[in-house]
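K.L.:
Kindly return the folded structure for what I paste below:
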Amino acid sequence: MIRIDATNKVFGRLATEIAVFLRGKNKSNFQPNIAPQEKVVVENIEKIVFTGKKLEQKEYYHYSGYHGGLKTRFLGKEFASNPGKIFKATVYGMLPKNKTRDKIIKNLTIK
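P.N.:
Just a heads-up that it's a prediction; the model follows:
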């Protein structure tokens, strides 16, 4: 089990580091077709640091499929309401897009 303290760490750099640990690429016996059972626990996620003006400028979109159904959310507001959800979605997007991704993301715990 790997414990990581997110205090004063940059959001994207920490996410890539955790994606590497979850995949098991830091191990000498790495096999891309096998989902490793390495558990990662991230603590103090609310104290993470964003570079630049991402909190005010980065937008997330959701389209319902209807005319005028495009919803826009800003990173600052989403991160204030649920920082773990945003971080987990970021790491999830960095994992390989195959059937092992859902198994690998279960090994990430955010406190």
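K.L.:
What number of residues are in the vicinity of residue 68?
P.N.:
Other residues lying near residue 68 total 5 when counted by other Cβ atoms under 10 Å. No exception for glycine: its C-beta is placed from N, CA and C like everyone else's.
K.L.:
typed the wrong thing, it's residue 24
P.N.:
That count, for residue 24 with other Cβ under 10 Å as the rule, works out to 19.
K.L.:
can you check residue 106 too?
P.N.:
The burial count assigned to residue 106 is 11, neighbours taken as other Cβ under 10 Å.
K.L.:
That one and residue 53, how far apart?
P.N.:
33 Å (Cβ to Cβ, to the nearest Å).
K.L.:
Which stretches in this structure count as helices?
P.N.:
Using DSSP state H, the helices of the chain run over residues 11-23, 54-57, 75-81, 83-94, 101-105.
K.L.:
In the fourth one, which residues have enough neighbours to count as buried?
P.N.:
Buried residues in helix 83-94, defined by neighbour count with 16 or more other Cβ atoms under 10 Å: 83, 86, 87, 88, 90, 91, 92.
K.L.:
Nearest to residue 75, out of those: which one, please.
P.N.:
For the buried residues of helix 83-94, the minimum distance to residue 75 (Cβ to Cβ) is 7.2 Å, reached by residue 86.
K.L.:
OK, contacts around that closest one?
P.N.:
By Cβ atoms under 8 Å, 6 or more residues apart in numbering, the contact list for residue 86 reads 75, 78, 79.
K.L.:
Residue 19 too?
P.N.:
Taking Cβ under 8 Å, 6+ apart as the test, what residue 19 contacts is 91, 94, 95.
K.L.:
Recalculate using a threshold of 6 Å.
P.N.:
By Cβ atoms under 6 Å, 6 or more residues apart in numbering, the contact set of residue 19 is 91, 94.
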